[in-house]
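Novice: need coordinates for the following:
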Amino acid sequence: MSWFIAALKNYATFAGRARRAEYWYFVLFYLLSVIAGAVIDVLLGLGFVAAIVMLGLIIPSISVCVRRLHDTGRSGWWWWIQLVPLVGPIILLIFMVQNSADAENDYGPNPKAAIA
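Specialist: Numbers count the residues shown, from 1 in each chain. All right, here's what the predicted structure looks like:
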């Protein structure tokens, strides 16, 4: 949960780097929040709670993805690759699961080295 909160605190920060844990915990809690919104929609007969959750978290999700790309040594512009049908999301997934660049790169110091 602390990684999700950290990503929300940096919701508009597209500079810097994000570790794999920050990205994947954000994705986990994002999906749980959307599922909870969808359950509320079904139980109460509403149709907008899940959509509000998704819209409210769209900028934080883009920023954490861009910072994760920075952590692997790639430009944040690679985020747009997911718009390529079929192969784009697979390529982005491969980028997201890769390990961090070991040393400092153009986007800042290695966040793993700061903790160790």
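Novice: quick one: Cys51 from Leu57, how far?
Specialist: No Cys there; residue 51 is Ala. Distance of Ala51 to Leu57, given as CB to CB, to the nearest Å: 11 Å. Heads up, the C-betas are built off the backbone N, CA and C, glycines and all.
Novice: Ala101: neighbouring residues, count only.
Specialist: Neighbours of Ala101 under the rule other CB atoms under 10 Å: 16.
Novice: wait, a helix at it?
Specialist: No - under DSSP: H, G, I helix; E, B strand; the rest coil, Ala101 falls outside any helix and is assigned coil.
Novice: show me where this structure has helices.
Specialist: 2-9, 20-44, 49-56, 58-71, 87-97, 111-115 (DSSP state H).
Novice: isn't Arg17 up against Val64?
Specialist: No - Arg17 is not in contact with Val64 according to CB atoms under 8 Å; the separation is 10.7 Å.
Novice: of those two, give the one with the bigger neighbour count.
Specialist: Val64 (28 against 24).
Novice: where does pLDDT dip in the chain?
Specialist: Along the chain, segments meeting pLDDT under 70 span 114-116.
Novice: mind checking which of Ala51 and Leu57 has more residues around it?
Specialist: Comparing Ala51 with Leu57 by other CB under 10 Å, the one with more neighbours is Leu57, at 20 against 14.
Novice: how about the more buried one: what's its closest non-neighbour residue?
Specialist: Tyr30 (5.7 Å; CB to CB, 6 or more residues apart in numbering).
Novice: contacting residues for the one you found?
Specialist: Neighbouring residues of Tyr30 by CB atoms under 8 Å, 6 or more residues apart in numbering: Phe4, Leu57, Ser61.
Novice: run the last query once more with 10 Å
Specialist: Contacts here follow CB atoms under 10 Å, 6 or more residues apart in numbering; on that basis Tyr30 touches Phe4, Ala7, Val53, Met54, Leu57, Ile58, Pro60, Ser61, Val64.
Novice: for the residues you listed, which single residue is the most surrounded?
Specialist: Within those, neighbour counts (other CB under 10 Å) peak at Val64, which reaches 28 neighbours.
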